[in-house]
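**Student:** quick check, what structure comes out for this input:
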Amino acid sequence: MKHQSDINMTSVFEFRQSPQFWVPTCLCPPSTSLYSGELQTSSTLGTASWRCFHLTSSHLYQGQSESSASYCEFKVDLRWVTVNPFEERTDSGVRFGFSLVSALKKADFYVRSKENLILWLDQLEQICILRDITDDFTILKQLGSGGQSEVFLGESLSSEEKVAIKHFDKRRFINQPKKLEALANEIEILRRISHPRVLQLYRVYEDDQAVYLVTELIPGKSLYDDLCAHGVFSLPEAETFIVNSLDLLTYLAEQGILHRDIKPENIIIPDCTARGDFKLIDFGFATQWTGAQIEDSCGSPGYTAPEIIWTRSHGETLDVYSAGMVFYVLIAGCSPFFARSRREVIRLNAENDVTFGQLRRGNSAV
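**Tutor:** Okay, the predicted model is just below:
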């Protein structure tokens, strides 16, 4: 863990970084502090000056005392900043610290001990972008691939815990601002969510070639594959699934989040669980809901709300509609808009003619 500069790395997230590193706080105290402690900065190196800093879920505050309620002079937004731990060998021994790098700006922070560095990193790793994934994980094999990414099985070098690693080649985002914005939204939203039915994001890494999302590993199959293998849900299974889904939709609405692509392929039924238990994955279309109508194309034919097809304008009811289509499939065994071509599925979806009187139950297409 040598002290080396990351300032030459061009981050694909620069568009989210503040042009200023330190921003005045008008002496306001921080919000709820996750961790507080003393740090020595580059500007105070060589003196006896140590300052108190307070870490929140998004910012690092420079405070006037050890109390998290103390007035703070400056803060830095950490959400798209790269953190890089280091050690320096000097005539008097070894010094430990970490660098924060943002938009070609870099600041070094020194801690009092290696143990103290570990405490800071445990918190910073959940907020910042990390540099070298091979320092922490071994990539074992590829599990799958999609239009924008590949998914690998990984293993933690410290705990041997198995994880999923979603790999995004940075070349795919060159001159693709919409794709880059979608990736940034996915990261930001997954970091905010804490719900047992949502895939958990552990860490984010970026090196010169790629961005990596390290998430929990969910052995199991998609709801689509489960329906193809086992047929429709029993009514008790469907009831449990629907209740759990409504609980999740309520939580997302309270957080101001729209998933915008709820469908059987994005719902995982974990192994060794009841069919009513599930995990919602793939937040690539997800966005913050501010109350204003959104003008954007998203979702999947057969599950998206008709207004998406007609005008692209949509709001908070979009996820409710998609969930309703999933509920229909659970019981009917097929989509109300099932057709042999994508074009015909879109037409039926736009017309929104859903029949409830003659639901078929069996191993039908979803």
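**Student:** use CA for all of it now, contacts and neighbours both
**Tutor:** Fine.
**Student:** distance of the nearest residue to residue 354 once chain neighbours are set aside from residue 21?
**Tutor:** Of all residues not flanking residue 354 in the chain, residue 336 sits nearest, at 5.8 Å (Cα to Cα, 6 or more residues apart in numbering). To residue 21, residue 336 is 53 Å away according to Cα to Cα, to the nearest Å.
**Student:** ok, back up a step: ok, now which ones touch the residue nearest to residue 354?
**Tutor:** By Cα atoms under 8 Å, 6 or more residues apart in numbering, the contact list for residue 336 reads 302, 325, 328-329, 353-355.
**Student:** do the same with residue 326
**Tutor:** With contacts defined as Cα under 8 Å, 6+ apart, residue 326 is in contact with 262-264, 303.
**Student:** cool, residue 340 as well?
**Tutor:** With Cα under 8 Å, 6+ apart, residue 340 has no contacts at all.
**Student:** what packs against the host helix or strand of residue 139?
**Tutor:** When elements are assigned from DSSP states H and E, residue 139 belongs to strand 137-145. Applying 3 or more Cα pairs under 8 Å, 6 or more residues apart in numbering; DSSP states H and E, we find strand 137-145 packed against strand 150-156.
**Student:** contacts for the next helix or strand after the strand it packs on?
**Tutor:** Sequence-wise, the next helix or strand downstream of strand 150-156 (DSSP H and E) is strand 162-169. Contacts with strand 162-169, where a contact means Cα under 8 Å, 6+ apart, come from 139, 148-156, 209-217.
**Student:** that older thread, farthest pair in the contacts of residue 326?
**Tutor:** Pairwise distances across the contacts of residue 326 peak at 9.2 Å for 264 and 303 (criterion: Cα to Cα).
**Student:** hmm, back to that, show the buried residues in the contacts of strand 162-169.
**Tutor:** For the contacts of strand 162-169, a burial check counting by 16 or more other Cα atoms under 10 Å picks out 139, 149-156, 211-215, 217.
**Student:** list the contacts of residue 76.
**Tutor:** 21-23, 59-61.
**Student:** now with 10 Å, please.
**Tutor:** Contacts of residue 76 were listed using Cα atoms under 10 Å, 6 or more residues apart in numbering, and they are 18, 20-25, 55, 58-62, 100, 102.
**Student:** among those residues, which ones are in strands?
**Tutor:** Within these, residues falling in strands by DSSP state E are 23-24, 55, 59-62, 100, 102.
**Student:** can I get the residues you listed in TSV including distance to residue 180?
**Tutor:** Formatted as TSV, those follow (distance: Cα to Cα, whole Å):
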residue	distance to residue 180
23	26
24	29
55	27
59	23
60	25
61	28
62	31
100	22
102	17
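**Student:** shaky segments in the stretch 101-250 of the chain?
**Tutor:** Of all residues in the stretch 101-250 of the chain, none has pLDDT under 70.
**Student:** now the helices for it?
**Tutor:** Along the stretch 101-250 of the chain, the segments classed as helices by DSSP state H, counting those that start in this stretch run 114-124, 177-192, 223-230, 235-255.
**Student:** just how off-centre is the third one within its chain?
**Tutor:** Looking back up the chat, that one is helix 223-230. 26 Å (Cα atoms, centre = their mean, to the nearest Å).
**Student:** CA atoms only: put that helix into PDB for me.
**Tutor:** Extracted in PDB, the C-alpha atoms of helix 223-230 (Å, rounded to 0.1, in the frame of the first residue of the first chain):
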ATOM      1  CA  LEU A 223     -39.200 -15.200 -12.000                       C
ATOM      2  CA  TYR A 224     -39.400 -15.800 -15.700                       C
ATOM      3  CA  ASP A 225     -37.400 -19.100 -15.500                       C
ATOM      4  CA  ASP A 226     -39.300 -20.100 -12.300                       C
ATOM      5  CA  LEU A 227     -42.600 -19.800 -14.100                       C
ATOM      6  CA  CYS A 228     -41.300 -21.700 -17.100                       C
ATOM      7  CA  ALA A 229     -40.000 -24.500 -14.900                       C
ATOM      8  CA  HIS A 230     -42.800 -24.700 -12.300                       C
END
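**Student:** okay, the contacts of residue 336 in TSV with distance to residue 86 and neighbour count next?
**Tutor:** Output for these, formatted as TSV (distance: Cα to Cα, whole Å; neighbours: other Cα atoms under 10 Å):
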residue	distance to residue 86	neighbour count
302	51	26
325	51	23
328	54	18
329	53	25
353	61	10
354	60	13
355	63	9
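**Student:** would you write a PyMOL line that selects the buried entries of the ones in strands among the contacts of residue 76?
**Tutor:** Of the ones in strands among the contacts of residue 76, the buried ones go into a single PyMOL selection, burial set by 16+ other Cα under 10 Å:
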select buried, resi 55+59+60+61+62+100+102
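**Student:** so which of the ones in strands among the contacts of residue 76 comes closest to residue 188?
**Tutor:** Residue 188 has its nearest neighbour among the ones in strands among the contacts of residue 76 in residue 59, at 13.9 Å by Cα to Cα.
**Student:** for that closest one, list each beta-bridge partner.
**Tutor:** Applying DSSP bridges to residue 59 yields these beta-bridge partners: residue 77.
**Student:** next up, the contacts around it.
**Tutor:** 30-31, 33, 75-79, 124, 127-128 are the contacts of residue 59 under Cα under 10 Å, 6+ apart.
**Student:** filter those to the buried ones?
**Tutor:** The neighbour count (16+ other Cα under 10 Å) marks 30, 33, 75-79, 124, 127-128 as buried among the contacts of residue 59.
**Student:** so among these, where is pLDDT lowest?
**Tutor:** Least confident entry in the buried ones among the contacts of residue 59, by pLDDT: residue 30, with 77.
**Student:** for it, which three-state class applies?
**Tutor:** Secondary structure for residue 30, judged by DSSP: H, G, I helix; E, B strand; the rest coil, is coil.
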